[in-house]
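Colleague: Take a look and give me a structure for this.
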Amino acid sequence: MDIEVKINSEIKTAMLAKNAKKLDALRAIKSVILLLKSSSEGLTEESINTALQKEVKKRKESADIYKSQNRSDLEEIELSQASVIEEYLPRQLNEDEIKIELEKIIATVGATNSSDMGKVMGAASKVFTGRADNKIVSSMVKQLLG
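Modeller: Reported below is the predicted structural model:
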């Protein structure tokens, strides 16, 4: 099913159920889709995953800020929206799965030390798009390249 059709359907369902929290997150996803349709990137599965991952990251960062300011009400809203958006992303890889993939990438590009990190990250960013947080990938690459 086309993601745009699916989101529109979910928006109608959330409106009928009067689920305001989910509705806000779904509208954010729809906004991302509309922006991608008119961008030079276009509306592809990869561009959607990247954009949605950015949206989740923004909300989690905002939640951390709200938490540090003792604003649990706003933190809860951000985390709620992040969890709804995450439902539309591919399953996130765990650290073991990331490490296995990175070892393959390192072998493929022939990386031997930390000066090859750029090569590894370039290849890894394509492999892990929408499936892993780049911060985790980056720290693992540093570990593996020593």
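
Colleague: Excluding chain neighbours, give the residue nearest to the one residue sitting closest to the centre of the chain in space.
Modeller: Centroid check for the chain by C-alpha atoms, centre = their mean gives residue 53 as the closest residue, at 1.8 Å. Nearest residue to residue 53 in three dimensions, chain neighbours excluded: residue 130, at 5.5 Å (C-beta to C-beta, 6 or more residues apart in numbering). For every residue, glycine as well, the C-beta is placed using N, CA and C.

Colleague: do you know how far the one you found is from residue 56?
Modeller: The spacing between residue 130 and residue 56, counted by C-beta to C-beta, to the nearest Å, is 10 Å.

Colleague: Name the residues contacting each of those two.
Modeller: Residues touching both residue 130 and residue 56 (C-beta atoms under 8 Å, 6 or more residues apart in numbering) are residue 89.

Colleague: Which helix in this protein has the most residues?
Modeller: What stands out as the longest helix in the chain, according to DSSP state H, is helix 45-68.

Colleague: after that one comes which helix or strand?
Modeller: helix 72-86 (DSSP states H and E).

Colleague: Now do the residue of the chain most remote from its centre against residue 101, distance only.
Modeller: Distance to the chain centre peaks in the chain at residue 112, reaching 29.0 Å (criterion: C-alpha atoms, centre = their mean). Between residue 112 and residue 101 the distance is 18 Å, computed by C-beta to C-beta.

Colleague: likewise residue 83?
Modeller: Separation of residue 83 from residue 101 (C-beta to C-beta) stands at 25 Å.

Colleague: Give me the phi and psi angles of residue 92.
Modeller: With angles defined as degrees, to the nearest 10, residue 92 sits at phi -80, psi 140.

Colleague: hang on, it packs against residue 136?
Modeller: No - at 9.6 Å, residue 92 does not count as touching residue 136 under the criterion of C-beta atoms under 8 Å.

Colleague: domain parsing for the protein?
Modeller: 3-86, 95-145 (automatic domain parsing).

Colleague: Give me the mean pLDDT for the first one.
Modeller: Averaged across domain 3-86, the pLDDT comes to 92.

Colleague: Can you give the distance from that domain to the centre of its chain?
Modeller: Chain-centre distance of domain 3-86: 11 Å, with C-alpha atoms, centre = their mean, to the nearest Å.

Colleague: what about that domain, how long is it end to end?
Modeller: Distance across domain 3-86, first residue to last, is 14 Å (C-alpha to C-alpha, to the nearest Å).
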